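Participant: predicted coordinates and the sequence they were generated for:
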Amino acid sequence: MNSEANARRIAMVESCFGTSGQPLNEQGRVLVGEGVLTKMCRKKPKPRQFFLFNDILVYGNIVLNKKKYNKQHLIPLEEVQLSSLEDDGQFRNGWLIKTPTKSFAVYAATATEKSEWMAHINKCVSDLLRKSGKKAAENHAAVWVPDSDTNICMHCKKSQFTLINRRHHCRKCGKVVCGPCSSKKVILQHQSSKPLRVCLSCHDEISSAQTQPNDSSGNLSNSLKDRTNDSSGDDDSDEDTDDPSIQTHPSATEYLPTPFDVP
């Protein structure tokens, strides 16, 4: 693609996100393809607009199809690793997008589109790593189990979820757990510098794996901190805001003739 046409297409993407998005036009950046993929969110699957550049993957909520998007997310491709998913009932043509800070499943409308997306993303990642001399990321965030997959805590197997007994997610394994079974917080270095909620099993696993020198007062080192379960600073909500105008069936996908047919 010539540089002028590429610059026009990137400017169009920027305009679709408006002031809520970040500037995307950088030296050497090329828009490879775009299209709608169904993203598996915490509460339910939702269609999201994705843009693949040669160095980043961008996605956002669809406000007005092909004209306006919000909730922009930028993912550096150097951190990305893909894993194909087996078809499971209505959930077909899917794969995992894994990064150190966030991992999630997406689904394409057809097997061909899935193959194209995965091939182009993997090529961009490979090219970036080769040019930079960096190694692929070895640690990735867990994929969260959707809320709808269980009505009881996946740790104690007893506590039933209600309007009062809320669901929480372990940031280490991604399981849906109750408050008492996720009352501990630890620092997961690849995800955040702040302590994150984990289930009791993962807390015990991390405790046994880490060297924990005690200071003079008998407190544990800062690499592992037990915190009481409170809501402050612990956003366990689905960051993808619901939009009643958007269809949420896993196959609700719209494409150009192919997401990589760049004019």
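Facilitator: Nice, thanks for sending it over. Residues are numbered from 1 along each chain as shown.
Participant: right, and Leu82 touches Asn122 too?
Facilitator: Yes - under the criterion of C-beta atoms under 8 Å, Leu82 makes contact with Asn122 at 6.1 Å. Just so you know, the C-beta spots here come from the backbone N, C-alpha and C atoms, and that holds for glycine as well.
Participant: wait, what's in contact with Gly174?
Facilitator: 142-145 (C-beta atoms under 8 Å, 6 or more residues apart in numbering).
Participant: ok, now with 10 Å
Facilitator: By C-beta atoms under 10 Å, 6 or more residues apart in numbering, the contact list for Gly174 reads 103, 141-146, 154, 199, 202.
Participant: same check, this time on Glu78
Facilitator: 55-56, 99, 124-125, 128-129, 131-132, 134-137 are the contacts of Glu78 under C-beta under 10 Å, 6+ apart.
Participant: any quick ChimeraX command for the buried ones out of the residues you listed?
Facilitator: Here is the ChimeraX command that selects the buried residues among the contacts of Glu78 (16 or more other C-beta atoms under 10 Å):
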select :55,56,99,124,125,128,137
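Participant: just the contacts of Glu78: which are in strands?
Facilitator: Within the contacts of Glu78, residues falling in strands by DSSP state E are Ile56.
Participant: and Leu129, what does it touch?
Facilitator: Applying C-beta under 10 Å, 6+ apart to Leu129 gives the contacts 77-78, 135-137.
Participant: on that earlier part again, list just the nearest of the contacts of Glu78 to Thr112.
Facilitator: Nearest to Thr112 among the contacts of Glu78, counting by C-beta to C-beta, is Cys124 at 18.8 Å.
Participant: need the max-distance pair from the contacts of Leu129.
Facilitator: Farthest pair in these, by C-beta to C-beta: Leu77 and Lys135, 14.1 Å.
Participant: any weak-confidence spans in the stretch 51-200 of the chain?
Facilitator: Counting by pLDDT under 70, the stretch 51-200 of the chain contains no low-confidence segment.
Participant: let me see the ranges of the strands in it.
Facilitator: Using DSSP state E, counting those that start in this stretch, the strands of the stretch 51-200 of the chain run over 56-64, 68-76, 81-84, 94-98, 103-107, 168-169, 176-177, 184-186, 196-198.
Participant: closest to Ser20 out of those?
Facilitator: Per C-beta to C-beta, nearest to Ser20 of the strands of the stretch 51-200 of the chain: strand 68-76, 5.0 Å.
Participant: and for the closest one, what are the contacting residues?
Facilitator: Strand 68-76 has contacts (C-beta under 10 Å, 6+ apart) with 13-22, 24, 39, 48-51, 53, 55-63, 97, 99-102, 125, 128, 137, 239-241, 243.
Participant: before we move on, back to that, most neighbours, which of the contacts of Gly174?
Facilitator: The most crowded member of those, judged by other C-beta atoms under 10 Å, is Cys199 (27 neighbours).
Participant: the residue lying closest to that residue once chain neighbours are set aside - how many residues pack around it?
Facilitator: Nearest-residue entry for Cys199: Cys170, 3.9 Å, with adjacent residues in sequence omitted and distances by C-beta to C-beta, 6 or more residues apart in numbering. Here the number of neighbours of Cys170 (other C-beta under 10 Å) works out to 25.
Participant: and if you look at Ile206?
Facilitator: With other C-beta under 10 Å as criterion, Ile206 counts 18.
Participant: distance of it from Glu86?
Facilitator: Distance, Ile206 to Glu86, using C-beta to C-beta, to the nearest Å: 30 Å.
Participant: Thr110 now?
Facilitator: Shown here: Thr110 relative to Glu86, a distance of 16 Å by C-beta to C-beta.
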